[in-house]
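Participant: Model the following, please.
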Amino acid sequence: MRLALYEPDIPQNAGSLMRLGACLGVGIDLIEPCGFLLSDRGLKRAGMDYLKSADIRRHESWARFHGGLAPGQRLLLLTTRGTMAYTDFAFAAGDTLLVGRESSGAPDTVHAVADARLTIPLLPGLRSLNVAQAAAMVLGEALRQTGLFPKKEQ
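Facilitator: Model (predicted):
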């Protein structure tokens, strides 16, 4: 299972998601261009020393990332425009969860190729969660369903 960040524009969120990936053993795909430098202090502060342990793959564009997906690898877009609640979805070990830009989400071209567009049920009148919080919620459910949470050492 992997977590992909589409052109992130807030370094603290990207750093938090990279830290999440490192701690849970989930690879991170960083789809550029980013709205910040990868040497940004905010990214490093949020990721702390966990960034050294993260499996991070940088992709210079959406086309490069999408073209590199393995046959049969599902791309699951987390979006406020989703058509299915993530709690009703059956995740698989080879899935890639994709989050859009904090400022504008993912473009229609990305929506068009997603195998599923998942949403988080919210109270009426409320628009969205922070992208790092949303990704953590959905990734947690995906890892629970697939039994891919790291095992505690005895």
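
Participant: Past the helix or strand bottoming out on mean pLDDT in the chain, which element shows up next along the chain?
Facilitator: The helix or strand of the chain with the lowest confidence, counting by mean pLDDT, DSSP states H and E, is helix 41-47 at a mean of 67. Going down the chain from helix 41-47, the next helix or strand is strand 56-59, by DSSP states H and E.

Participant: what about the following helix or strand past that next one, average pLDDT?
Facilitator: Note on strand 56-59: by DSSP H and E, the next helix or strand toward the C-terminus is helix 62-67. For helix 62-67, mean pLDDT is 97.

Participant: I'd like the next helix or strand past helix 62-67.
Facilitator: According to DSSP H and E, the helix or strand after helix 62-67 is strand 75-78.

Participant: So what's the residue count around A116?
Facilitator: 17 (other Cβ atoms under 10 Å). C-beta: built from backbone N, CA, C; applies to glycine.

Participant: contact partners of stretch 89-99?
Facilitator: Here stretch 89-99 makes contact (Cβ atoms under 8 Å, 6 or more residues apart in numbering) with 1-6, 17, 29, 69-70, 72-78, 106, 110, 114, 116, 118, 131, 134-135, 138-139, 141-142, 145-146, 148.

Participant: Now that stretch: buried residues?
Facilitator: 89, 91, 95-99 (16 or more other Cβ atoms under 10 Å).

Participant: show me where the chain has strands.
Facilitator: For the chain, applying DSSP state E gives strands covering 2-6, 27-31, 56-59, 75-78, 84-85, 96-99, 116-119.
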